[in-house]
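Novice: Using only what follows, build the 3D model:
(2 chains)
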Amino acid sequence: MSFINYSSREINCKLVYYGPGLGGKTTNLQFIYAKTSPEAKGKMISLATETERTLFFDFLPLSLGEIRGFKTRFHLYTVPGQVFYDASRKLILKGVDGVVFVADSQIERMEANIESMDNLRQNLIEQGYNLDKLPFVIQYNKRDLSNAASVAELHAQLNPTRVLEFEARATTGVGVFETLKAIAKAVLTELRRGSGG
Amino acid sequence: MFPEEQRQISSVCQRLHRDANAKAVLLIGRDGQPIAEAGEVGEIDVTSLSSLTAGNVAATGGISKILREKDFTSQFHEGEKTHVHITLVAGRAILVVLFDERSSLGLVRLRVRKATEEMARLFEQVAKKAASSTGPSILNEITDADIDKLFND
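Specialist: Residues are numbered from 1 along each chain as shown, chains lettered A, B, ... in the order given. This is a model prediction of the structure:
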């Protein structure tokens, strides 16, 4: 849930990167961290296993600039993608303001994408949210791989509600900031709408 | 959070910091957003600490559910120099007290109990206000142009 701190003049929002294991959620955050100026970012925290798989979450605080004298701060989280970490994923969705679904474009991962999308929808319901009413964008990652499914196919399987979607190659940064900007904008717009503005 | 309640909550944190002889006091939303702080926080990465503490509390809450317990309302981490006392406030926020040899767990617990009661009352007040309000004015004032301006490269 967004939090407005009038004493420090900050608007804080929480974004969660969701998706199947090894899809590139952490890589998205790492790229954002690497390419953001030091004054706009805090420390990136990764609670990972010895083999660099996300165990609980990655966390990256980011400042995007000011709106009407208020600093906009976005807290970016990833969830652990592996199926058996479901309890952790539910916890991280608490208080979420916007979701990025990072899909793995590889045709062999289509099933995992669909399963993860269903899991996202279900876990949000358990936390009292409706995915269709939440700021939400989809990123089709790993577009450069030869075994990538077509965007049309990914769209048909994963994006029936036609939310904004982006093609990406997170390792080189293609599509990473476009995705971030789209979700941040959607969250701010929703905040204003929710306040009656 | 409304400015008046924010001020009152900050003042409860400051009083707790003083009365408990603590190094620092932090109040954090359950989603990891820092709400208020008092004491020696200059050298602490408050943002990271808040996020990790919220994760910790969420994980502990998950454990309590599996064990069919109510929320574990407090936690204590004993360090060599700095100790951490974590308490849930009215199920809504997390109160973190960092202390060292200048204080004791008993004193911290005692002072925290009083502070959490006051904070719970303030949160109740905030909830009532929020229910009858259309939202903080800053949000109403934001225009499409303001949002677009943030994303101009």
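
Novice: Can you name the element that comes right after the lowest-mean-pLDDT helix or strand in chain B?
Specialist: Taking mean pLDDT, DSSP states H and E as the measure, the helix or strand of chain B with the lowest value is helix B:137-141, at a mean of 74. Next in sequence after helix B:137-141, counting helices and strands by DSSP states H and E, comes helix B:144-150.

Novice: Need the contact partners of that next one.
Specialist: Under the criterion C-beta atoms under 8 Å, 6 or more residues apart in numbering or on different chains, residues A:64-65, A:67-68, A:72, A:184-185, A:188-189, A:192 lie in contact with helix B:144-150. C-betas here are computed from N, CA, C, even on glycine.

Novice: So for that helix, what gets flagged as buried?
Specialist: By neighbour count with 16 or more other C-beta atoms under 10 Å in any protein chain shown, helix B:144-150 contains the buried residues B:146-147.

Novice: What is the neighbour count of A:V99?
Specialist: Neighbour count of A:V99, defined by other C-beta atoms under 10 Å in any protein chain shown: 26.

Novice: typo on my end, A:Q127
Specialist: Taking other C-beta under 10 Å as the criterion, the count of residues near A:Q127 is 13.

Novice: Could you check what's spatially nearest to it, not counting adjacent residues?
Specialist: Among residues not flanking A:Q127 along the chain, A:L93 sits closest, at 5.1 Å (C-beta to C-beta, 6 or more residues apart in numbering or on different chains).

Novice: Could I get the full set of strands for chain A?
Specialist: A:3-5, A:10-18, A:45-48, A:54-67, A:70-78, A:98-104, A:136-141, A:165-167 (DSSP state E).

Novice: need the contact list for whatever residue of chain B ends up closest to chain A.
Specialist: As assessed by C-beta to the nearest C-beta, chain A sits closest to B:D31 within chain B, at 2.7 Å. Residues near B:D31 by C-beta under 8 Å, 6+ apart: A:1, A:3, A:14, A:94-96, B:54.

Novice: For the closest residue to chain B within chain A, give me phi and psi.
Specialist: Of all residues in chain A, A:G95 sits closest to chain B, at 2.7 Å by C-beta to the nearest C-beta. When quoted as degrees, to the nearest 10, the phi and psi of A:G95 stand at phi 80, psi 20.
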